[in-house]
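Undergrad: The following comprises the amino acid sequence and a computationally predicted model.
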Amino acid sequence: MDFNKLEVSVKESLHNEFSTYSKILEGDNFFLKTVEEIREQKLNPILNETGIFHTTKCKITLSKSIYKETLSLLFDAIRREEKTGDLLNGVSPKDYKATMNMLRTLKSTTVTFQSKVSGESFSFNILDTSVEKKTKVTFAFKAIFFYHLDELKKVLFYKSDSK
């Protein structure tokens, strides 16, 4: 995904959402440092059996444990979504059932970041199911756990022309 190609209203909405997240984690630099710490961990921290992992500034909790097979299917689905605009578009009949099970599993899974300094927290779902029959992976999840850090910086430091 290229943040620069999104509509202005979407850019502003994402900027406001991520600005709130960064304020809770004590500022943009601490938020970016937290994301870097998540990515530096050798085994993807999402795979932690307890669904809980820590960085220097926050505690991150997943409402459900995610297993390696599920994460692998999710990663493939994200790549498909980036290419075709749909998580299921182009999935082979052999992999369809596994992908649907992954979507059912992650549908209600939330990720919570709690600041160790202030105790404040923010949460987001892994999947956006707001549009019927059109499930997508939330931008927040992709930006924090998968996208290049530059995309997250574009969102955080976005300046609207109308301001």
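TA: Sure, I can see it.
Undergrad: Give me the three-state assignment for the residue positioned nearest the centre of the chain.
TA: Closest residue to the average C-alpha location of the chain: residue 141 at 0.4 Å, with CA atoms, centre = their mean. At residue 141 the chain is in helix, as set by DSSP: H, G, I helix; E, B strand; the rest coil.
Undergrad: can you tell me which residues contact it?
TA: Taking CB atoms under 8 Å, 6 or more residues apart in numbering, we find residue 141 in contact with 111, 124-126. C-beta: built from backbone N, CA, C; applies to glycine.
Undergrad: any idea which of those is the one closest to residue 41?
TA: The closest of the contacts of residue 141 to residue 41 turns out to be residue 111 (CB to CB; 15.1 Å).
Undergrad: Would it be right to say that the closest one lies in a strand?
TA: Yes - assessed by three-state DSSP, residue 111 belongs to a strand.
Undergrad: I'd say it and residue 60 touch.
TA: Yes - contact criterion CB atoms under 8 Å: residue 111 and residue 60 qualify, at 6.7 Å.
Undergrad: Could you check the pLDDT of the nearest residue to residue 63 once chain neighbours are set aside?
TA: With CB to CB, 6 or more residues apart in numbering as the criterion, residue 63 has its nearest non-adjacent residue at 4.6 Å, and that residue is residue 110. With respect to pLDDT, residue 110 has a value of 95.
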